[in-house]
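[1] Here's a sequence, model it:
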Amino acid sequence: MKNKAVRIILIILGIFLLLTITAFSYYFIATANINLDKSKLINMNSQVEIYDDGGNLLEEYSGDRVITDASLIPEYTLNAFVAIEDKRFYSHNGVDIKGLFRAAFNNVKSFSFKEGASTISQQLIKNTHLSGEKTLNRKLAELKLARQLEKDYSKREILEMYVNTIYFGDGYYGITQAANGYFGVSPENLTISQSAALAGTVKAPAVYSPRVSTAKCNERRKLVLKEMLEQNFITKQEYDDNISAEVSATERKDDLTSPYIKLVKDEIRNFLDQNAYKTTKLKVYTYYDKNLQSDLEQGVKALGNTNTDKKAVILNDKNKIQAFYSTCGDIPRRLGSTLKPVAVYAPAIDMGAIDACTPINDEKTDFGGYSPSNYNDAYYGYVSAKFALAKSLNSCAVKVLNGCGIENCLKYLKKTDIPITEKDNSLKLALGYTENGATLTEISGAYGTFVNKGVYIKPTAVKKICDKNGNVLYKDGDNSRRIFGEDTAYILNDMLKSTVKEGTAKTLSSLNFPLAAKTGTVGNADGNTDAYTVSYNGDYILACWVGNADSALMDNSVSGGTLPAKMCLNAWQNMRSRGYSPHDTFETDKVAKINIDKITYQENHLIEEADENAPKKYILTELFKKDRIPKRFSERFTTPKVESAEISVNYCDITIRLCLPDYCDYKVFRESGRLKVMVFDSKGQSDKTQFTDKNLMPNSKYSYTIVPYYAGKNGIKYGEEYRLKEIKTPPINFDGDEWWDKFFDFGF
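    Take a look at the predicted model:
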């Protein structure tokens with residue numbers, strides 16, 4: 001037994017040794033030609049020129065970094081970064097083995113590379129030598145270069161280079177730009193509280209930047225201060241003095257084009273980190289259109305002072321960003337109902353779960369404890385999916401998502417650049433609730449999928465980047481992928497045109513040119529935090545947002561259909577007044593227009609192809625994917641018929657009461673002996689439910705035949721005759737007083 005245990009241990013050790021040798025061999029092979037390039041660490045003065053779509057110079061600047069010597073930066077400022085980013089910075093040799101194993105274990109559990117365990121040395125290497133992709137080879141290269149970095153430079157030098165190169169968001173590279181840009185001070189004048197805020201921003205500038213969210217910035221600032229105290233970088237008294245000293249960003253002073261320039265800088269940040277040191281000048285060519293930028297800005301500013309932040313963007317039909325305006329950058333926000341077309345209705349149509357006309361019962365519904373409400377708790381009963389989307393009915397959207405399966409819809413959404421996490425696997429997705437939200441350019445790019453026949457193209461502002469000699473270093477290439485079928489995109493476009501005609505984006509209907517749109521509002525009974533309108537046609541996607549970067553509440557009167565819709569309206573009008581000629585979205589032969597029976601649809605909530613003889617007013621024309629054309633056919637107008645009829649006699653008057661569809665008329669024929677005559681035609685009569693044949697002969701037999709008909713598109717269509725039982729009028733009773741009156745009624 002003992003020998004068997006020893007053998008097992010030896011086998012395990014052998015396997016471990018083999019795996020270790022294999023791992024080290026792979027490491028040395030993968031990193032054989034990778035070496036530290038010191039020039040990338042010290043060359044901070046490359047020039048960048050940014051050009052518009054026509055090749056005109058927009059802006060020129062000398063480098064993204066201004067260097068501040070570590071001796072001029074307060075010790076607590078440097079320690080703030082160590083405390084939150086790399087607490088074992090002074091004890092490791094560039095690689096934190098403990099953190100590396102912890103990250104590896106978590107990555108194995110999640111089957112991903114979502115954790116990197118990057119030390120400050122590794123982050124410096126990644127920012128100056130490598131791409132941002134999460135692959136094993138890149139990570140191995142990072143580890144090797146970090147070790148080399150630590151051999152050639154002191155900890156102080158590494159920390160100095162790190163704080164001077166790290167990105168702080170809002171276009172700020174390095175501690176000098178960040179301190180001045182966010183707080184209006186030089187690095188040497190940063191307070192402990194401001195230092196903690198800047199150190200906290202590094203993890204995710206789009207979330208923790210003091211200009212993006214004061215609340216989230218200060219929440220993370222407190223975490224940094226806590227770490228600084230626990231690691232003895234500040235005293236308890238310094239902690240107490242600063243924990244409540246909240247920070248906020250100063251107002252940014254930018255020129256009119258700076259929001260677009262900032263968008264470009266954010267987009268090329270990784271490229272600059274990897275390539276700016278290889279050349280003395282970079283030329284960045286963008287898709288910027290000065291006329292569209294003016295149309296957009298004037299459209300936003302025409303609202304006047306709304307005491308809110310605003311964002312607006314214009315993408316062309318290939319998702320190239322041609323104009324952008326913002327008072328707070330392109331920060332991610334919750335999307336609300338603007339996500340419904342992308343996350344719910346388009347996937348449902350593409351899967352064949354619904355059609356545009358699918359009836360949905362709009363009612364208050366409990367989904368296992370989750371019971372969403374419509375706006376103002378208004379419910380419509382049975383409505384079409386198109387109407388539900390146009391009116392942004394929450395109950396219907398959740399029903400569709402629940403019916404399709406959340407995972408199935410998420411498969412579509414994950415193909416866009418809308419950030420998705422495991423927490424988003426919830427029915428709240430139908431109402432646009434995602435953990436991380438999305439930027440305005442990201443949701444606009446997702447709508448561009450409907451413009452591009454179901455193909456998604458990643459939005460970009462950058463066309464190409466060249467060196468000073470014109471050599472192309474980067475060029476915008478094919479970054480497209482199909483998400484929805486062409487038929488799905490066409491049907492979705494038609495549905496969102498209804499939002500403009502009769503739905504929440506009706507403000508835009510006054511434009512009287514081809515336009516589809518969707519609005520969205522995020523908030524509660526106490527106020528709204530975000531309001532959107534995304535509008536588009538065959539030429540452009542134009543989207544606007546109103547809210548507050550710090551999530552402060554707006555009045556509930558501010559919704560997607562108000563201020564953002566007005567901003568879009570203004571911008572479209574500015575474009576048209578400049579001579580813009582709008583074009584509709586694409587046409588396709590992959591869908592069919594089918595006439596369906598309106599009566600069956602409204603009364604029985606069923607979809608049947610209409611009878612070819614149906615009058616126009618009893619037809620609904622709807623779009624279907626060709627593999628979804630209705631297989632049920634109505635025969636309602638092929639053979640119109642009387643459903644029931646009763647006959648009665650009162651003296652010498654015979655009354656016929658009948659039940660007949662209201663779209664039908666009828667003729668009544670009377671037979672007496674060998675004579676058959678038409679005695680009544682209901683056409684034009686106000687009361688079609690009965691007819692009285694008056695002043696008939698007493699003591700006589702009569703037979704009646706009813707012939708239903710209607711005026712169809714192919715002329716008059718007669719149905720089956722309905723014969724009533726023979727009836728006899730009573731004889732005159734000369735014993736009563738009535739006989740005399742009846743005698744004269746008969747004409748005697």
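[2] mind giving me the domain ranges of this protein?
    1-30, 64-249, 591-628, 644-745 (automatic domain parsing).
[3] Report the mean confidence score over the longest one.
    Throughout domain 64-249, pLDDT has a mean value of 83.
[4] next one: stretch 455-467
    94.
[5] Which positions in that stretch come out as buried?
    For stretch 455-467, the neighbour count (16 or more other Cβ atoms under 10 Å) marks Val455, Tyr456, Ile457, Pro459, Thr460, Ala461, Val462, Lys463, Ile465, Cys466 as buried. In short, each C-beta sits where N, CA and C put it, glycine included.
[6] can you list the domains of the chain in JSON lines and add distance to Glu407?
    Below are those laid out as JSON lines (distance: least, Cβ to Cβ, whole Å):
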{"stretch": "domain 1-30", "distance to Glu407": "35"}
{"stretch": "domain 64-249", "distance to Glu407": "16"}
{"stretch": "domain 591-628", "distance to Glu407": "22"}
{"stretch": "domain 644-745", "distance to Glu407": "45"}
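[7] Generate JSON lines for the buried residues of stretch 455-467, with distance to Tyr474 and secondary structure as supplementary columns.
    Formatted as JSON lines, the buried residues of stretch 455-467 follow (distance: Cβ to Cβ, whole Å; DSSP: H, G, I helix; E, B strand; the rest coil):
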{"residue": "Val455", "distance to Tyr474": "22", "secondary structure": "strand"}
{"residue": "Tyr456", "distance to Tyr474": "21", "secondary structure": "strand"}
{"residue": "Ile457", "distance to Tyr474": "17", "secondary structure": "strand"}
{"residue": "Pro459", "distance to Tyr474": "16", "secondary structure": "coil"}
{"residue": "Thr460", "distance to Tyr474": "11", "secondary structure": "strand"}
{"residue": "Ala461", "distance to Tyr474": "13", "secondary structure": "coil"}
{"residue": "Val462", "distance to Tyr474": "8", "secondary structure": "strand"}
{"residue": "Lys463", "distance to Tyr474": "9", "secondary structure": "strand"}
{"residue": "Ile465", "distance to Tyr474": "4", "secondary structure": "strand"}
{"residue": "Cys466", "distance to Tyr474": "8", "secondary structure": "strand"}
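[8] Go through these and name the one nearest Leu431.
    Nearest to Leu431 among the buried residues of stretch 455-467 is Tyr456, at 22.5 Å by Cβ to Cβ.
[9] circling back to that earlier point, can I get the buried residues of stretch 455-467 in CSV including distance to Gly560?
    Converted to CSV, the buried residues of stretch 455-467 look like this (distance: Cβ to Cβ, whole Å):
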residue, distance to Gly560
Val455, 26
Tyr456, 23
Ile457, 25
Pro459, 21
Thr460, 26
Ala461, 25
Val462, 30
Lys463, 32
Ile465, 36
Cys466, 41
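[10] residues near Ser209, how many?
    Counted with other Cβ atoms under 10 Å, the neighbours of Ser209 add up to 28.
[11] Now it: phi and psi?
    phi -60, psi 140 (degrees, to the nearest 10).
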